[in-house]
Every structure is written in structure tokens, then in C-alpha cells.
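Engineer: coordinates only, sequence not included:
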DNA sequence: ATAGTTGATGATCAGGCGATAAACAATCAT
DNA sequence: ATGATTGTTTATCGCCTGATCATCAACTAT
């Protein structure tokens, strides 16, 4: 009689708890999808996990559900509450606060994984990107504007105008796209991130003060709120 | 005997020359792929063209060849030689030259179609994006830097340093990402593009002059060329 | 040891994909 | 009108995709 052998001499690995195993799947799926896009096949994904494809469906009811969990981990995990305090702590010079903040922020999002997932999701037209952009405006840019007003000796009352937020976006995007060029397009860049951020901040801060200081009266069209 | 009817009462449209028909296919394929991504199916594409799927293979040997032609039209068509002259015509004030240039440039690339194709291609890791980034540096940014040096009364000899190019990238990206937010993420933005560009230029020009004027000596690390 | 529960697999399904070949329709030259 | 040529469709191939189900293995509690 033929003895039934174990089908595969699996490396003896401790059996993880279901939640941990699930998390492991999500983590590796994130890497996988960030490379292949969300059209990557479940078979390739399973091979990467070292398991067979049907097993995925024991842990996730469908591919879409798995993808949703990938979004969640990528977008929600990294947002650090400490950043807000960092931005508004006026015991430190603004220039240094911003340098520290953008240093920390880009340490988190300047990875091939994060940036690629971000654009794959964006091209799919998911709300999650619009939501994220709203969070950036609320938690980062509006605070930057307020601190810049303070620094420039401008009146601080009133919400940031749409034009001011746009200017903060120019700074934000300028720094952000440095990461895009480096990690998505893999184009050669000036490697010293600290310097790039520092120079961007220097230009922005001196420029912002001078430009918006003379902008109490309407320079061009008054900055209308956008619906 | 059953008379053979024309299979479909096709709207009487003049038969186009093969080249024109081909161009028509490429144009509509560009729209299609910009929405669906390059994983969009040839059947869906054909339906959009109002023809059957195998017909595509009469005009293009494979789907990949069709896609390559899409790239060509998107990337190569729009680059306008006039832009270079616009940037370097010192009979005009720099501020106005840059305003005009970015106005014209963004008139071309700020479309859902262009931007989406750009990122789909970028995520695929195609050389064409790196090539495009190189073109931007050569044709736009290095000229911007030179003109800024001139404007700020700095010595003009020597190639732009890597740090200077990076600063021009911050401006470029800041404006570029305004279009990304609007046309890819479809996020609400300040609608007055002219003002956004204008403000970005004001901040950049005043900032650049002040920051790099004091930068003749090494401020932080000297800007080394990147390999 | 044995029964019960959870983890993982092999085989398979229906549907979609890119691509091909042969048949038919429309146009053009003579 | 006739034949040649080009444009278009129908039918189909092999392959890959997400998903399902029955089966077997591994671990746990008794």
C-alpha cells in the first residue's frame, strides 16, 4: 500500500493566527499590486505568497475585497497625529518646523509602494484619493498657510483663501513630485532630499511673505472660494 | 432564393483613405486607453470604434503596436518649438514670458486624456517617461534657470546646477500637479488657472532671486551633479 | 488514540482575452 | 460588366482570469 506523503515538504513555519496570516497576505498583496497594478492576477499573487490561488478565497471573499484592504492599510496606517503638532508648535522657527515635517512626511510616502498604489487608485477614480486630498488640505496646507500668515505678520483671522491654499499646494506638489520622479519614473534626481526640501522651503517662505504681504488689496481677481 | 442583405445598414460615410482611417483608430484608441488603461480590451475598443474586433488587426499587427502609436501621438505631437523661443526672448519681461509659456504649455497637457496616458505609461515603467522628463529638463527647466540667473543679476556662465534644476522642478511640479488634481483626481481647485500660475511664478521668482543670490558660496552641501 | 475543526490543495467552470483564418462586401480599374 | 483589390465580418482557437467545490492535511481538545 502506498503511504500518503505530505504533498510538499514545507519549511517548518509556525502556524500564524488567522488574523496574522490575513495581515501577512494583505501586506504582501500590497507589494504585489503596487508592482503589477490591480490587474495583476490572483495566481501570480498566490505564487508570491507561496500558496495556491484558491486559498486566497478562504481569507477574502473576492479579489476586490482584498484590494479594499490594501487601500486601507496604505492610506490610513501612516498618517501620524504628531505631524499636526509639529506644524503648529510656535516655540520652533517656522522654517525648521516645515523642514522637520516634510522630512517626516516624505519618509513615509516616498516609497515605490506607496506612490504607485496612490496613482493606481487615482487612475481608477476612487473616492479615496479625493478624500486624501481633502485631508492634506485640512491637516497640512491650511495649517501651513496660517503659520505663514503669522510669520509674515499678516492678519490671521479668517479661513485660508482658495488662492493661499493653492500656493501651499504648489509647495506641497513641488516636494511630492520629487518623490514621483525618483520612485515612480526612476529618473535621476539630486539625491540630497534634505537640501531639496530646504531650498523649496526657502523659496516658498521668502516668496510667500513678499507676494501675499502686498496682496491685502485685490492684485488680480480676488480669490473667490470655489464651490 | 434568399437575397443577401448588407449585414448592417451602415450610415453612409465616405470611405476614408487607409492612412486617415488608421489615424482615426489611433485617436479614438487614445481616448479609450486613457479612460480604461492599457488593459482595456480590444473588444470594448472595437465597439467604441463602431467596428468588429478583428478589424483592428488589419491596421495594427498587435495590440502593443497600437499602444505604441498612441504613445507617439500623445507625447510627440504637442511639443511646440515656439515655446523655446518664448522662454528666451529677452525683449519681454521674464515674468510675462513664463506666464505665457506655462499658459500655453498647460493648455496642451492639462487634459484628462494627456495626463492619464502619462501616468499609465509611467506606472508601466516605460522609457518614454524618463525620456520626457529629460526633455523637460533640457528644453524648459535649464532655460528657466538661465533666465532666472540673468534676471537676478547672477553670473550666467556654466550649466545649471543640479540644485537649481531641482528648484525649477518644484515650480514645474507645483503647476503640473494643479492639473493632476483637477483632471485626474477631479478634486475641486481654484478655477482661475491664470491666477494659480501667476501666483506660483511670483513666489518662485522673488524666492529664487533672494535664495540663490546668497548661494554663490556653498550654503549647505555643494550641488553635485548626479550620476 | 480519536473526533472535530481549521488550513490548504487539485481539479474544474464559465467567461474574457488577444489573435487567426476563411468567407463575404464594397470599391476600383479596365 | 468583369476581375482584382481592399475592407469588414463571422467563427473560432488557445490561453488566462476570478471563482467554486470536494478532498486531503494539520493542528487541537478530549
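Structural biologist: Good, I have the coordinates. The structure displayed is predicted, hence computed values, not measured ones. Numbers count the residues shown, from 1 in each chain, chains lettered A, B, ... in the order given.

Engineer: pull the longest helix from chain A.
Structural biologist: Taking DSSP state H as the criterion, chain A has its longest helix at helix A:193-213.

Engineer: Can you list the neighbours in contact with it?
Structural biologist: With contacts defined as CB atoms under 8 Å, 6 or more residues apart in numbering or on different chains, helix A:193-213 is touched by A:94-95, A:98-99, A:102-103, A:106, A:110, A:148-149, A:151-154, A:164, A:167, A:170-171, A:174-175, A:178, A:189-190, B:163, B:166-167, B:170, B:199, B:202-208, B:210-211, B:220-221, B:223. (Glycine included, C-beta is placed from N, CA and C.)

Engineer: what is the rounded mean pLDDT of that helix?
Structural biologist: Across helix A:193-213, the average pLDDT comes to 92.

Engineer: Enumerate the positions of that helix that are buried.
Structural biologist: By 16 or more other CB atoms under 10 Å in any protein chain shown, the buried positions in helix A:193-213 come out as A:193, A:195-212.

Engineer: relative orientation of that helix and helix B:193-213 in degrees?
Structural biologist: Put simply, helix A:193-213 runs at 120 degrees to helix B:193-213, going by axes from the mean of the first three to the mean of the last three CA atoms, to 10 degrees.

Engineer: For helix A:193-213, what is the distance to the chain centroid?
Structural biologist: Here helix A:193-213 is found 22 Å from its chain centre; the criterion is CA atoms, centre = their mean, to the nearest Å.

Engineer: got the contact list for residue A:28?
Structural biologist: A:45, A:48-49.

Engineer: what's residue A:126 sitting at in phi/psi?
Structural biologist: Here is the backbone geometry of residue A:126 (degrees, to the nearest 10): phi -70, psi 150.

Engineer: so residue A:153, which of the three states?
Structural biologist: Following DSSP: H, G, I helix; E, B strand; the rest coil, residue A:153 is assigned to coil.

Engineer: how many neighbours does residue A:133 have?
Structural biologist: A count of nearby residues for residue A:133, using other CB atoms under 10 Å in any protein chain shown, gives 19.

Engineer: need the contact list for it.
Structural biologist: Applying CB under 8 Å, 6+ apart, the residues near residue A:133 are B:181, B:185, B:187.

Engineer: For the residues you listed, give me TSV that also has neighbour count and distance to DNA strand C.
Structural biologist: What follows is these, written out as TSV (neighbours: other CB atoms under 10 Å in any protein chain shown; distance: CB to the nearest atom of the strand, whole Å):
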residue	neighbour count	distance to DNA strand C
B:181	20	30
B:185	20	26
B:187	18	29
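
Engineer: Can you flag which of those residues belong to helices?
Structural biologist: Using DSSP H, none of the contacts of residue A:133 sit in helices.

Engineer: can you list the residues you listed in a markdown table and add pLDDT?
Structural biologist: Below are the contacts of residue A:133 laid out as a markdown table (pLDDT from 0 to 100):
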| residue | pLDDT |
| --- | --- |
| B:181 | 98 |
| B:185 | 97 |
| B:187 | 97 |
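
Engineer: between the residues you listed, which is nearest residue A:70?
Structural biologist: When the contacts of residue A:133 are ranked by distance to residue A:70 (CB to CB), residue B:185 comes first, at 18.8 Å.

Engineer: The residue nearest to the closest one when sequence neighbours are not counted - how many residues pack around it?
Structural biologist: Distances taken as CB to CB, 6 or more residues apart in numbering or on different chains place residue A:129 nearest to residue B:185, at 5.0 Å, with adjacent residues excluded. When neighbours are defined as other CB under 10 Å, residue A:129 has 22 of them.

Engineer: give me phi/psi at residue A:129?
Structural biologist: According to degrees, to the nearest 10, residue A:129 has phi -70, psi -40.

Engineer: show me what contacts it?
Structural biologist: Counting by CB under 8 Å, 6+ apart, residue A:129 touches A:118, A:121-122, B:185, B:187.

Engineer: same deal with residue A:134?
Structural biologist: Residue A:134 touches residue B:187, counting by CB under 8 Å, 6+ apart.

Engineer: Quick check, pLDDT for it.
Structural biologist: pLDDT for residue A:134: 96.

Engineer: For it, what are phi and psi?
Structural biologist: phi -60, psi -40.
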